[in-house]
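Enquirer: What would the 3D arrangement of this be:
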Amino acid sequence: MKRGILLSVREQKDKDTGEDVLFATAYALPSKMKNGGLWYPKKEDSTYVRFVKKESNPEDYEYLSKLLPGCLVDITLGLNEFTNKTFVASMKLVEGTDVYDEATLYV
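Expert: Take a look at the predicted model:
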């Protein structure tokens with residue numbers, strides 16, 4: 001599990017199927033090492049995107065569509081066994097943190 005800051009939530013229609021899809025993009029925060037220092041992820045490992053289709057996963061679609069940029073999220077990664085690559089399995093709001101309103105975010 002990684003912790004990140006939500007950068008954007010974008011909704012659009014799939015060109016091929018016409019389904020509603022949502023892209024939630026988060027930037028990973030540094031991890032704390034045993035010696036107290038911070039470990040920063042490599043550039044290519046620092047951005048995570050969660051892709052959700054409304055028809056196949058309506059609960060996650062509604063949950064993520066209500067979040068606004070600046071929220072702290074926990075990012076859970078999964079492993080694709082065929083390609084041996086990681087993907088974002090879930091992205092959830094960190095308990096006890098705020099979902100900022102638009103008046104606070106956009107000046």
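Enquirer: what's the helix ranked longest in the chain packed up against?
Expert: Selection of the longest helix in the chain by residue count, based on DSSP state H, yields helix 58-65. Using 3 or more Cβ pairs under 8 Å, 6 or more residues apart in numbering; DSSP states H and E, the elements in contact with helix 58-65 are strand 2-13, strand 20-28, strand 47-53, strand 85-93. All C-beta spots, glycine's among them, are computed from the backbone N, C-alpha and C.
Enquirer: Most tightly packed of the ones you listed?
Expert: strand 20-28 (a mean of 18; mean count of other Cβ atoms under 10 Å).
Enquirer: List the contacts of it.
Expert: 2-14, 41, 45-55, 61, 64-65, 67, 73, 75, 91 (Cβ atoms under 8 Å, 6 or more residues apart in numbering).
Enquirer: now the next helix or strand after it, how far from the centre of its chain.
Expert: Scanning forward in sequence from strand 20-28 by DSSP states H and E, the next helix or strand is strand 31-32. Computed by Cα atoms, centre = their mean, to the nearest Å, the chain-centroid distance of strand 31-32 equals 18 Å.
Enquirer: next structured bit after the longest helix of the chain?
Expert: Following helix 58-65 in sequence, per DSSP H and E, is strand 72-80.
Enquirer: For that following strand, which residues meet the burial criterion?
Expert: Within strand 72-80, the residues scored as buried using 16 or more other Cβ atoms under 10 Å are Leu72, Val73, Ile75.
Enquirer: Check which helices and strands that strand sits against.
Expert: Counting by 3+ Cβ pairs under 8 Å, 6+ apart, strand 72-80 packs on strand 2-13, strand 20-28, strand 47-53, strand 85-93.
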